[in-house]
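Enquirer: Got a predicted structure here, sequence first:
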Amino acid sequence: MEISKIRTIIEEGDAVILPTETVYGLFAQALNEEAVDQVYQIKQRPRDKAMNLNVASLNDILKYSQNPPIFLEKLYNRFMPGSLTIILKSNGNVPFWINSGLETVGFRIPNHPKTLQIIAETGPLIGPSANISGNGSGQVFSKIETTFGFQISGIEDDAAISGLDSTILDLSGEQARILRQGAVTKAELQTAIPEMKFEEV
């Protein structure tokens with residue numbers, strides 16, 4: 001499907017399947033409550049499970065967060081776009097239907113050129129894994145279409161999918177915490193950003 005068609009679907013408030021470097025995601029307008037509700041329903045995702053914002057730049061991250069760590073730009077330049085989701089304190093620009101009323105919000109910048117272009121043109125977007133909540137993450141486009149009854153389409157690029165989830169790094173507190181170990185390791189983070197202190201486990 002062409003990018004122009006994808007853009008139109010998103011702008012009309014509907015969801016699309018897009019590839020990232022990890023797994024496929026279900027992408028829709030983050031600031032459109034009805035679009036977000038639709039993705040929750042399609043995925044059968046619990047409402048208390050917050051969504052991340054898929055954005056296209058460091059400025060986007062700063063627009064929807066507050067009190068970022070002093071090393072944020074350094075971290076961004078080293079690992080984003082890429083398989084890293086960062087959690088920061090949210091600000092008033094983040095609607096309650098995104099972060100389920102939490103004081104934090106997650107940010108992801110997928111490392112896939114077409115998906116990144118679409119995010120830059122239509123974002124911020126939500127983009128949870130393209131699956132029924134609790135099932136394995138979507139890695140094969142044709143199987144995902146079948147799962148959702150061919151009601152949702154998008155861009156097929158199975159070759160880009162590594163199958164390895166992004167690492168979730170919580171930077172909302174005084175010390176960093178890894179909430180999910182994925183493609184980016186703690187050792188890589190510590191080597192690149194030695195000033196980032198991790199919470200003792």
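Expert: Cool, the structure landed. Numbering: from 1, shown residues only.
Enquirer: Tell me how far the longest strand along the chain lies from the chain's centre.
Expert: The longest strand of the chain (DSSP state E) is strand 84-90. In terms of C-alpha atoms, centre = their mean, to the nearest Å, the centre of strand 84-90 is found 10 Å from the chain centre.
Enquirer: Go through that strand and flag the buried ones.
Expert: Across strand 84-90, burial judged by 16 or more other C-beta atoms under 10 Å covers 84, 85, 86, 87, 88, 89, 90. C-beta coordinates here come from the backbone N, C-alpha and C atoms, glycine included.
Enquirer: swap in stretch 30-49?
Expert: Buried, per 16+ other C-beta under 10 Å, within stretch 30-49: 30, 31, 32, 35, 36, 38, 39, 40, 42, 43, 45.
Enquirer: now swap in stretch 170-181 and tell me
Expert: Buried residues in stretch 170-181 (16+ other C-beta under 10 Å): 170, 171, 172, 176, 178.
Enquirer: and which of those is nearest residue 64?
Expert: Nearest to residue 64 among the buried residues of stretch 170-181 is residue 172, at 13.0 Å by C-beta to C-beta.
Enquirer: Surely that closest one forms part of a strand?
Expert: No. Counting by DSSP: H, G, I helix; E, B strand; the rest coil, one finds residue 172 to be coil, located in no strand.
Enquirer: Surely it touches residue 103?
Expert: Yes. Contact criterion C-beta atoms under 8 Å: residue 172 and residue 103 qualify, at 7.4 Å.
Enquirer: Could you tell me which residues touch both of the two?
Expert: Counting by C-beta atoms under 8 Å, 6 or more residues apart in numbering, the common neighbours of residue 172 and residue 103 are residue 89.
Enquirer: Parallel or antiparallel, list what pairs with the longest strand of the chain.
Expert: strand 65-66 (antiparallel), strand 104-108 (antiparallel), strand 167-170 (parallel) (DSSP bridges).
Enquirer: contacting residues around the second one?
Expert: Think strand 104-108. Residues contacting strand 104-108 (C-beta under 8 Å, 6+ apart): 50-55, 60-61, 64-65, 84-90, 94, 98-99, 127, 166, 168, 170, 172.
Enquirer: just the helices in this protein please.
Expert: 3-11, 33-43, 58-63, 72-79, 96-99, 113-122, 141-147, 186-192 (DSSP state H).
Enquirer: Show me the one of these that comes nearest residue 160.
Expert: With C-beta to C-beta as the yardstick, what comes closest out of the helices of the chain is helix 113-122 (9.0 Å).
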